[in-house]
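1. Build me a model:
(chains A, B, C and D)
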There are 2 protein chains.
Amino acid sequence: MNDVVKNEKSVKKSVKTPAKPRGRPLEFNQDEVLDKALNVFWSRGYEGTSMAELTQVLGINKPSIYAAFGNKETLFRKALARYTSGSVAFVGEAMQAPTARQVVEKFLTLAVDSFSDKNTPDGCMIVQGALTCGQNSSAIQQELIACRKNLEAAFNERFELAKNQGDLPQWANTKQLAKYIATIHQGMSVQATSGAIREELLAIVEMALKSWPTND
Amino acid sequence: MNDVVKNEKSVKKSVKTPAKPRGRPLEFNQDEVLDKALNVFWSRGYEGTSMAELTQVLGINKPSIYAAFGNKETLFRKALARYTSGSVAFVGEAMQAPTARQVVEKFLTLAVDSFSDKNTPDGCMIVQGALTCGQNSSAIQQELIACRKNLEAAFNERFELAKNQGDLPQWANTKQLAKYIATIHQGMSVQATSGAIREELLAIVEMALKSWPTND
DNA sequence: TATATTTTGTACCAATTGGTAAATAAATAA
DNA sequence: TTATTTATTTACCAATTGGTACAAAATATA
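-> Numbering: from 1, shown residues only, chains lettered A, B, ... in the order given. Just a heads-up that it's a prediction; the model follows:
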């Protein structure tokens, strides 16, 4: 039996389980801590978040943060990645709706849900994470600008597909439409951060969709 | 003649001219310096602006700044006042257009002009001055939120007037319309800060106006 | 001229910023 | 048990933050 067990162990080690790590085990869950960091960055922005506040909220000391996530900038980037794969994962889902109009409706509605979710900060982290900042933070600022442009580009591609599929008129300017939707999204984020509630944001979505182009 | 001159002087002193100030004269023009400060706050935000950068850009030393404008927070407030009475003075003008639709069209178009003006930073200072921030800056953050809400309230009032004057249908929800326009405005500000150019922003205005309610 | 008044420049302050060295603690491997 | 490895704690670092004391300079008044 010992042999069998040993065999199992060695197989697990080299193939599946990373086995037990050598030294002292981590006393915190990386994902949980990263979620807490995300919440702070989300509500205060990159520059508005200090390492001192992070240590308090995360409940771990600075050397542990630096050992686990690198410096403040890489911690922000990892929190941002968690944001896009978590609270903002609905974007990918919305893109798969059958028509361009449904894509937009689903996207904006789910964005409102996220903006007004009481379990997370108001607004969109990618909008308010570093809209303006000092010179030292311009890398993060540019990163967030790139995120916004990527979303816009994704909309453009989806709308071109819709044009080919016929659910968007041939005369439609897909880049303009993408920028229009991005603008509504970003404007609603500012509104949410300033206190607008779910119902008010949904009314904006409805209003914004009235100008959506149709074939007739 | 001495008596006459003295009389003139004393009259001037107490009524019109502040006469020549007693001590060493200021070596800078307050309004020019305030404009420079405004530009820094506008592009970097409240927290992203350091007193060190201000001294460099304004060309005067810190004690002179503090003597003339108070601390960083009051300096920001004075720069903000100059912003509203300067670059953003077009709002009052737009409000006087004959119909609600023309008010909105004029407002958004002039906002685009301001956002993309090459002589000033991109975007709207009231949106990006402190969208998020650390706890120490929350007073400024709230101040800017109030500014945005005031604009929205002004639109609401103007639209109610339009309803009474008949150029806006009775079924129109003025508060919703005001929030919609504010959202477009704020979204375009984010776009401008992220690199959108004048033509792109004007296309957004056109698109946004398509959903404006009409009487027929 | 002397005096009062104001601004300027230098040099400084305490507090906070992001970040780290070093000793100790907790686990595995031999 | 002993050695090795990793994580935590404490205490610290240089640089920067917003803000100021103080003396010298520049003006008006007397």
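2. Nearest spatial neighbour of whichever residue of chain A sits closest to chain B, chain-adjacent residues omitted?
-> With distances taken as C-beta to the nearest C-beta, chain A approaches chain B most closely at residue A:187, which sits 2.8 Å away. Using the backbone N, CA and C atoms, a C-beta is placed for each residue, glycine as well. Once flanking residues are discounted, residue A:187 sits nearest to residue B:187: 2.8 Å by C-beta to C-beta, 6 or more residues apart in numbering or on different chains.
3. what's the answer for residue A:162, then?
-> Spatial nearest neighbour of residue A:162, chain neighbours left out: residue A:100 (3.5 Å); criterion: C-beta to C-beta, 6+ apart.
4. distance of the one you found from DNA strand C?
-> As judged by C-beta to the nearest atom of the strand, to the nearest Å, residue A:100 and DNA strand C stand 42 Å apart.
5. what sits against that residue?
-> By C-beta atoms under 8 Å, 6 or more residues apart in numbering or on different chains, the residues touching residue A:100 are A:158, A:159, A:162, A:167, A:168, A:177.
6. And it, how far from residue A:215?
-> 11 Å (C-beta to C-beta, to the nearest Å).
7. what do you get for residue A:130?
-> 41 Å.
8. My guess is residue A:181 contacts residue A:155. True?
-> Yes: between residue A:181 and residue A:155 there is a contact at 5.7 Å, judged by C-beta atoms under 8 Å.
9. picking up where we left off before, may I have the helix or strand the residue of chain A closest to chain B falls within exported as PDB, CA atoms only?
-> Following DSSP states H and E, one finds residue A:187 within helix A:174-193. As requested, the backbone C-alpha atoms of helix A:174-193 are provided in PDB (Å, rounded to 0.1, in the frame of the first residue of the first chain):
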ATOM      1  CA  THR A 174     -20.000  51.600 -37.300                       C
ATOM      2  CA  LYS A 175     -17.100  53.500 -35.800                       C
ATOM      3  CA  GLN A 176     -19.400  56.400 -35.000                       C
ATOM      4  CA  LEU A 177     -22.000  54.000 -33.400                       C
ATOM      5  CA  ALA A 178     -19.200  52.400 -31.400                       C
ATOM      6  CA  LYS A 179     -18.000  55.800 -30.100                       C
ATOM      7  CA  TYR A 180     -21.600  56.800 -29.400                       C
ATOM      8  CA  ILE A 181     -22.200  53.700 -27.200                       C
ATOM      9  CA  ALA A 182     -18.900  54.200 -25.500                       C
ATOM     10  CA  THR A 183     -19.800  57.800 -24.700                       C
ATOM     11  CA  ILE A 184     -23.100  56.800 -23.200                       C
ATOM     12  CA  HIS A 185     -21.400  54.200 -21.100                       C
ATOM     13  CA  GLN A 186     -18.700  56.600 -19.900                       C
ATOM     14  CA  GLY A 187     -21.200  59.300 -19.200                       C
ATOM     15  CA  MET A 188     -23.400  56.900 -17.200                       C
ATOM     16  CA  SER A 189     -20.300  55.900 -15.200                       C
ATOM     17  CA  VAL A 190     -19.800  59.600 -14.200                       C
ATOM     18  CA  GLN A 191     -23.400  59.800 -13.300                       C
ATOM     19  CA  ALA A 192     -23.300  56.700 -11.200                       C
ATOM     20  CA  THR A 193     -20.200  58.100  -9.300                       C
END
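10. Direction-wise, compare that helix with helix B:174-193 and give the angle.
-> Angular relation of helix A:174-193 and helix B:174-193 on a 0 to 180 degree scale: 120 degrees, by axes from the mean of the first three to the mean of the last three C-alpha atoms, to 10 degrees.
11. what angle sits between the helix or strand following helix A:174-193 and helix B:198-209?
-> Once the chain leaves helix A:174-193, the next helix or strand it forms, by DSSP H and E, is helix A:198-209. For the pair helix A:198-209 and helix B:198-209, the angle between their directions (the same axes, to 10 degrees) equals 110 degrees.
12. And the pLDDT for the residue nearest to residue A:187?
-> As predicted, residue B:187 sits at a pLDDT of 99.
13. again, but for residue A:115
-> As summarised for this prediction, residue A:115 has a pLDDT of 98.
14. Could you do residue A:15 as well?
-> At residue A:15 the predicted local confidence, pLDDT, stands at 43.
15. tell me what the helix holding residue A:187 is packed against?
-> Helix A:174-193 makes packing contacts with helix A:100-115, helix A:125-128, helix A:138-165, helix A:198-209, helix B:174-193, helix B:198-209 when contacts are defined by 3 or more C-beta pairs under 8 Å, 6 or more residues apart in numbering or on different chains; DSSP states H and E.
16. need the residues of chain A near DNA strand D, please.
-> Where chain A comes near DNA strand D, counting by C-beta under 7 Å from any atom of the strand, the residues are A:21-28, A:60-64, A:67-68, A:134.
17. top of these by neighbour count?
-> Neighbour counts for these (other C-beta atoms under 10 Å in any protein chain shown) peak at residue A:60, which has 18 neighbours.
18. helix/strand/coil for that one?
-> Secondary structure assignment for residue A:60 (DSSP: H, G, I helix; E, B strand; the rest coil): coil.
19. In three-state terms, label the closest residue to DNA strand D within chain A for me.
-> Nearest to DNA strand D, among the residues of chain A, is residue A:23, at 1.9 Å (C-beta to the nearest atom of the strand). Under three-state DSSP, the three-state class of residue A:23 is coil.
20. what about stretch A:76-94, start to end distance?
-> 26 Å (C-alpha to C-alpha, to the nearest Å).
21. list the buried ones in that stretch?
-> If you call a residue buried by 16 or more other C-beta atoms under 10 Å in any protein chain shown, then stretch A:76-94 has these buried ones: A:76, A:78, A:79, A:80, A:82, A:83, A:84, A:87, A:88, A:90, A:91, A:94.
22. I'd assumed residue A:34 was in contact with the second one.
-> What that stands for is residue A:78. Yes: with contact defined as C-beta under 8 Å, residue A:78 and residue A:34 form a contacting pair (6.1 Å).
23. what do the two both touch?
-> Residues touching both residue A:78 and residue A:34 by C-beta under 8 Å, 6+ apart: residue A:69.
24. Before I go, just wanted to say thanks for your time.
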